[in-house]
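Visitor: My questions are about this predicted structure, shown below with the sequence.
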Amino acid sequence: MPGKVLIVVAAVAILAVAVATRPAQYRVERSAVLAAPPAVVYAQIADFHRWEGWSPWARLDPAMKTDYQGPASGKGAAYHWSGNAKVGEGRMTITGEKPGEQVVIRLEFLKPWAQVSTASFALAPEGSGTRVTWAMYGDNDLMGKAMSLVKDFDKMVGPDFEKGLAALKALAEAEAARAAGPAAAPSAR
């Protein structure tokens, strides 16, 4: 029996050391170039009412409940959601902005676990379009460090960012084409 106890104690000690050596912070980031001006892209991001059109999580729970507080868009705008196990419950609040350049969001996950992250969108002109860089970052608490032993956060969230950026690209490019009017459409000769 004492041998089994020593094995368990050693295993726990090894696991504790492994968890303690995990990174103190996490960061997930993806970028895409959209054939739309920064103002058009910014309008989609700074208004939570528009997120249903491109957010990768908006369609995971058709019965998800949402509500909005504060201004319609920009700093102080807030969005609360509550849904099934795929989307959980949380709140986003825009805490910083530079129109046409950046949106910073406080992202509070409430369920299935509590965690606070920062999400940011950086917009930069690139060619005739806009490079959008979507990032989420924060501190790894003990649970986050332990989870990182079995699940890579970048591999878990990164593909969702890619889907969201692809949907944002389609919406922003369609909106830019409409704004340009028929004169911008190629002629069919």
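Guide: Here it is on my side, so go on. Remember, it's a predicted structure, so these values are computed and weren't measured experimentally.
Visitor: packing partners for the lengthiest helix in the chain?
Guide: The single longest helix within the chain, with elements called by DSSP state H, is helix 153-180. Under the contact definition 3 or more Cβ pairs under 8 Å, 6 or more residues apart in numbering; DSSP states H and E, helix 153-180 sits against strand 25-34, helix 38-46, strand 129-139. Using the backbone N, CA and C atoms, a C-beta is placed for each residue, glycine as well.
Visitor: Which other helices and strands does the first one contact?
Guide: Counting contacts by 3+ Cβ pairs under 8 Å, 6+ apart, strand 25-34 packs against strand 129-139, helix 153-180.
Visitor: repeat for the longest one
Guide: The criterion is 3+ Cβ pairs under 8 Å, 6+ apart, and the helices and strands that strand 129-139 contacts are strand 25-34, helix 38-46, strand 115-126, helix 153-180.
Visitor: Name the stretch among the ones you listed that sits most buried.
Guide: With neighbours defined as mean count of other Cβ atoms under 10 Å, the helices and strands packed on strand 129-139 peak in mean count at helix 38-46, which reaches a mean of 21.
Visitor: and the angle from it to helix 153-180?
Guide: Interaxial angle, helix 38-46 versus helix 153-180 (axes from the mean of the first three to the mean of the last three Cα atoms, to 10 degrees): 130 degrees.
Visitor: what's helix 38-46 packed up against?
Guide: Secondary-structure packing of helix 38-46 (3+ Cβ pairs under 8 Å, 6+ apart): strand 102-111, strand 115-126, strand 129-139, helix 153-180.
Visitor: Apply 6 Å and report the result again.
Guide: Here helix 38-46 touches strand 115-126, strand 129-139, helix 153-180, going by 3 or more Cβ pairs under 6 Å, 6 or more residues apart in numbering; DSSP states H and E.
Visitor: what angle do the longest one and strand 25-34 make?
Guide: Regarding helix 153-180 and strand 25-34, their directions subtend 30 degrees when assessed with the same axes, to 10 degrees.
Visitor: looking only at pLDDT, what's the mean for helix 153-180?
Guide: The pLDDT scores in helix 153-180 average 90.
Visitor: what ranges of the chain fall below the confidence cut-off?
Guide: Scanning the chain for pLDDT under 70 picks out 1, 6, 8-25, 141-151, 183-189.
Visitor: before we move on, the earlier item: show me how far the longest helix of the chain is from its chain's centre.
Guide: In terms of Cα atoms, centre = their mean, to the nearest Å, the centre of helix 153-180 is found 11 Å from the chain centre.
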